[in-house]
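Sequence first, then the predicted structure, then my questions.
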Amino acid sequence: MLTDIGTEELAHLEVIATLIYKLTKDVPAEKLREVGLGGFYAQHDNALYYADANGVPWTAAYIQATGDPIADLHEDLAAEEKARATYEHLINLTDDPGVKDALRFLREREVVHFQRFGEALDDVQFFMDRKKCY
């Protein structure tokens, strides 16, 4: 179950990258500058560069793991909720129906992932309470 979620999260990254690419591929440099993306263009042209809305690059430090399954699952639950909220904010920022549809799909998947992580947490707690740890 957890491997499937991880694989799907990588697919989400591909969907977002495709959306960004399609939305920006033919945008001229002047327009990017006008909307505050001049610095991005200067460094990356129209290439994809994984960064947050503030330009902070993606890093593996965003992946949290303690080795404690209960703590890690709580971290996963929180991450799914933050992703859901971010998708909602992005939906509110666009008027493009195709982008909204893609973001709604991704938001729904985050809800499903939250549910699966909750089920996994219940299972782990059940087995830990019976001292059948793995």
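Now that the structure is in, tell me what you want to look at.

Could you pull up the residues touching residue 116?
1, 2, 5 (Cβ atoms under 8 Å, 6 or more residues apart in numbering). No exception for glycine: its C-beta is placed from N, CA and C like everyone else's.

Walking through this protein, point out its helices one by one.
2-24, 29-34, 38-44, 69-93, 97-129 (DSSP state H).

surely residue 104 meets residue 91?
Yes. Shown here, residue 104 and residue 91 form a contact pair, counting by Cβ atoms under 8 Å, at 6.5 Å.

These two: which is more packed in?
The residue with more neighbours, out of residue 104 and residue 91, is residue 91; 16 against 13, by other Cβ atoms under 10 Å.

Now do the more buried one against residue 69, distance only.
According to Cβ to Cβ, to the nearest Å, residue 91 and residue 69 sit 33 Å apart.

ok, residue 25 - contacts?
Shown in contact with residue 25 (Cβ under 8 Å, 6+ apart): residue 46.

pLDDT score for the residue nearest the centre of the chain?
By Cα atoms, centre = their mean, the mean C-alpha position of the chain lies nearest to residue 83, the distance being 5.3 Å. Here the pLDDT value assigned to residue 83 is 97.

who's in contact with it?
With contact taken as Cβ under 8 Å, 6+ apart, residue 83 is in contact with 106, 110.

now swap in the one 4 residues further on and tell me
With Cβ under 8 Å, 6+ apart as the criterion, the residues that contact residue 87 are 103, 104, 106, 107, 110.

Quick check: PyMOL command selecting the buried ones in these.
Filtering those down to the buried ones (16 or more other Cβ atoms under 10 Å) takes a single PyMOL command:
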select buried, resi 103+106+107+110
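
Kindly check the end-to-end length of stretch 89-100 for me.
11 Å (Cα to Cα, to the nearest Å).

Okay, buried residues for it please.
Residues 90, 91, 99 are the ones in stretch 89-100 that count as buried (16+ other Cβ under 10 Å).

Disregarding residues adjacent in the polypeptide, which is nearest to the first one?
It refers to residue 90. residue 103 (5.3 Å; Cβ to Cβ, 6 or more residues apart in numbering).
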